[in-house]
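Asker: Structure for the following, please:
(one chain, ligands or ions: 1)
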Amino acid sequence: MKFSFSKVLLFSFVGIIVIAGLAFYAGVLTKNSLEDLKPEEDSGEFIIETTTEEAEENNGKSPSQPDINVDYAKEEWITHGGDYYNRRFSELDQVNLETINDLKPEWVTSLGASLDMKFSGEATPIVVDGVMYIATAENDVLALDAKTGEKIWEYRPEIEEKLDTVCCGWTTRGVAVADGKVFAGLLDARLIALDQQTGELLWETEVADWEEGYTITSAPLYYNGKVYTGVAGGEYGIRGRIMAYDAEFGHEVWRWYTIPTPYEKNGDTWPDDENKNWLHGGAPVWNTPAVDPELGYIYFVTGNTAPDLDGSKREGDNLYANSIVALNAETGDYVWHFQQVHHDIWDLDPTNPVILFDVEINGETRKALGEAGKTGWIYFLDRETGEPLIGIEEKEVPQLAEQKTSPTQPFPVGDSFVPQAVTEEDVARDLSDDFEGEIGSIFTPFWDEPITLKPSAFGGANWPPSAYSPETEYFYVLGTDGYIALSRMDEDIYEEGGMYIGSIMVPVSDAPTRGTVTAMDVKTNTIAWQVVWDTNAYSGILATAGDIIFVGHNDGRLIGFNAKTGEEVWSYKMDAGANAPSVTYEIDGEQYLSIFAAGNSLAGSVHGDKVYTFKLNGGWDGTPIDASEKSNGEAKDDVATDEEPTEPETTGETSDSYELGLSVYEGNCLSCHGNMGENGHNGPNLQLSELAENYEEVVDRIKNGGSTMPAFGTILTEEEIDEVARYVNEVLSKADE
Ligand SMILES: O=C(O)c1cc(C(=O)O)c2c(n1)C(=O)C(=O)c1cc(C(=O)O)[nH]c1-2
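Answerer: Down below sits the predicted model:
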């Protein structure tokens, strides 16, 4: 497939004159801003930098604050997080503890997305004026009648099929709708605006160059005439940034680099040596911000440093990676930051969207912010200042022996900090009664003193959004409780667009993984209730005034829990992993509930392509509406057409003869190479790998390791190596043919 740009309005920001002109046009240049047009050290390009000192003088506030309310979601679901505070709480209560048994499917629509394992359905639907806007992992955007599920329009962009600079598989978390437009960030790092009525492309902007490792997986945020987006690519040596674009025309209004230049405040938290690693230091922004219109701040999280698991080239705190950040929404000026993990070498960056809420503590109403980290901790801060609302004790944690780090920069976490090397005794305590493996087997013996730790790089809490309910005053969060082993590779050299990680993450065979659904009391920072699953919890949470919270399960169930007690009160099983957040809305006096059930590559769940919508006494006849016919793209032959919900399987299509190979693959290879070999956390895509096409070479690589892969020769038996090599060679490398 050829990469195609339809050039409706493509703004290039190469020259200072264009930049200055546009910035003046947008009215964002302050008196000092021209001095801030400094050459970017690596490229000679000119960019607008905001200085933090200047912003601090006026506390980052802009003179004119827009009048936008922060009501909870009700009839509509207008932003990614349901409202500007990202609370994912709806005031609708028709579906409640008394009526829940009558909640049944009303319509089901098949979006025509590929069932290929590299795609993960993570999008939150947006519902405005009776229309639902939803995006597939391939970045197709569809508008559906929210009452009937019938397709109104579709926009199917062409993305380069070979695009492989996405760490964790192709996905998008959705779109933003406002101002008569639908905004979407694409995997090839374009930001587009579509006509809300027709789906016609109105403008597109190249946010960054995907071939340098930049991509967009987050839903953009629309606020007060601007569209905000960050970039992903923390595993590819990008320099993280967040930008505001003019919603009307698509030009850039401001950008804020998550890594300051050496001459800026906190620039000294990176070495400015000949490596200039700060130019490739990661710190992406791949989740949607929240806004406080009254303060005029936007809040977001920044991802991990690069190289991710090797700190030797980047001694220091590495600000503003691994942080919660507040900026002035109008100007992009820095306001405050809170770094969760100083000098991260564990891939334990915050990835869960920030939530804003007000809470009374000790008789005083506080403007709060909550964020659930991959560390397994929830951080409650004062959103005006970034100070912890409830004390957080900083603790030192062990570093990998050979990595240089500053001992004065410990993690800011609570008392019983978990992410550290675990011992066999720790694991024994953790194992469930039905665990059948040997404890020793979860400590993977590689060179360079590998360590086993938890939470793993999947979290704690990963991207699946949390929710806050003003009725229970609980912060609801999904967690994963699992192990990972890290082993350092010799040296990782930065190459444009290449992976830049610095270490190897190895799944630990036989280690248990559990998921948690937790209600946290925000007043006391204690757990009110917790449900534990035997698989990770990877979907997102919807909280409602009907006293029910809704959570998706890897096995395809959408589950309702009593919001106060955690008791399961309802569930419905769909035909694919429920790995996206659900939403609720009202049309003609009736409450609807919707979820895109399409599976997830990292969670290893069954893939699908349907939006399921429920209401009380819903009357779905069992036949999905087929919205797969494409009017602006070529029809795909693997579109889902099944009428009957099918029993979910645990993985992709394989015959029985590969049973052992598959189980060895799942225990040892899946977390790096992904389900069906397609882009797990950091391993190459085996479906596109030439090496995987040759059985002998696969065996050699498994036995002896190579490139970034560790050797499995002493870990797997000859038979296991043979079986998994055949599985890779005969199933995975042929999977896309
Ligand atoms: O550093 C990055 O840029 C980046 C991006 C993404 C992404 O955009 O999906 C993920 C991660 N990191 C990551 O660390 C992670 O655990 C993760 C899980 C997922 C997913 O879609 O399930 N994406 C990502």
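
Asker: and Y658, that's in a helix?
Answerer: Yes - when DSSP: H, G, I helix; E, B strand; the rest coil is applied, Y658 is found to be in a helix.

Asker: you'd agree it is up against A725?
Answerer: No - using C-beta atoms under 8 Å, Y658 is not in contact with A725; the gap is 11.0 Å. For every residue, glycine as well, the C-beta is placed using N, CA and C.

Asker: more neighbours, those two?
Answerer: Set Y658 next to A725 and count neighbours by other C-beta atoms under 10 Å: A725 wins out with 25 against 19.

Asker: does the more buried one sit in a helix or strand, and which one?
Answerer: Using DSSP states H and E, A725 maps to helix 718-726.

Asker: With adjacent residues omitted, what lies nearest to A711?
Answerer: Counting by C-beta to C-beta, 6 or more residues apart in numbering, A711 lies nearest to G705, which is 3.5 Å off, once chain neighbours are set aside.

Asker: The one you found and the ligand: what is the separation?
Answerer: G705 sits 23 Å away from the ligand when distances are taken as C-beta to the nearest ligand atom, to the nearest Å.

Asker: burial of that residue, as a residue count?
Answerer: Around G705 there are 18 residues (other C-beta under 10 Å).

Asker: With A306 instead?
Answerer: Neighbours of A306 (other C-beta under 10 Å): 33.

Asker: show me the contacts for it.
Answerer: 234-238, 277, 280-282, 494, 500-502 (C-beta atoms under 8 Å, 6 or more residues apart in numbering).

Asker: let's see it at 10 Å
Answerer: 213, 233-240, 259, 277, 280-284, 313-314, 318, 321, 492, 494, 499-502 (C-beta atoms under 10 Å, 6 or more residues apart in numbering).

Asker: that older thread, mutual contacts of Y658 and A725, please.
Answerer: Counting by C-beta under 10 Å, 6+ apart, the residues touching both Y658 and A725 are 664-665.

Asker: what does the stretch 601-737 of the chain put close to the ligand?
Answerer: Contact residues (C-beta under 6 Å from any ligand atom) of the stretch 601-737 of the chain with the ligand: L602.

Asker: Residue of the stretch 601-737 of the chain nearest the ligand, please.
Answerer: The ligand sits closest to L602 of the stretch 601-737 of the chain, with a gap of 4.5 Å, by C-beta to the nearest ligand atom.

Asker: count of residues packed around that residue?
Answerer: Around L602 there are 23 residues (other C-beta under 10 Å).

Asker: which non-adjacent residue is nearest it?
Answerer: Of all residues not flanking L602 in the chain, C168 sits nearest, at 5.7 Å (C-beta to C-beta, 6+ apart).

Asker: Am I right that the one you found is in a strand?
Answerer: No - going by three-state DSSP, the assignment for C168 is coil, not a strand.

Asker: right, and the residue of the stretch 601-737 of the chain closest to the ligand touches W170 too?
Answerer: No - assessed by C-beta atoms under 10 Å, L602 is found out of contact with W170, at 11.9 Å.

Asker: Which residue ranges of this structure form helices?
Answerer: Along the chain, counting by DSSP state H, helices occupy 16-26, 52-57, 424-430, 659-668, 670-673, 695-704, 718-726.

Asker: Contacts only, for E723.
Answerer: So E723 contacts 657-665, 716-717 (C-beta under 10 Å, 6+ apart).

Asker: same check, this time on E75
Answerer: So E75 contacts 90-92, 127-130, 584-587, 589, 591 (C-beta under 10 Å, 6+ apart).

Asker: so where do the strands sit in the stretch 401-550 of the chain?
Answerer: Assigned by DSSP state E, counting those that start in this stretch, the stretch 401-550 of the chain shows strands spanning 411-412, 420-421, 451-454, 467-469, 474-481, 484-488, 503-506, 514-521, 526-533, 541-544, 548-552.

Asker: Also the stretch 151-300 of the chain?
Answerer: Under DSSP E, counting those that start in this stretch, the stretch 151-300 of the chain gives strands at 151-155, 170-172, 176-178, 181-185, 190-195, 201-206, 221-223, 226-230, 241-246, 252-257, 290-292, 297-301.

Asker: The fourth one near the ligand at all?
Answerer: This points to strand 181-185. No - using C-beta under 6 Å from any ligand atom, strand 181-185 never reaches the ligand; the gap is at least 10.2 Å.
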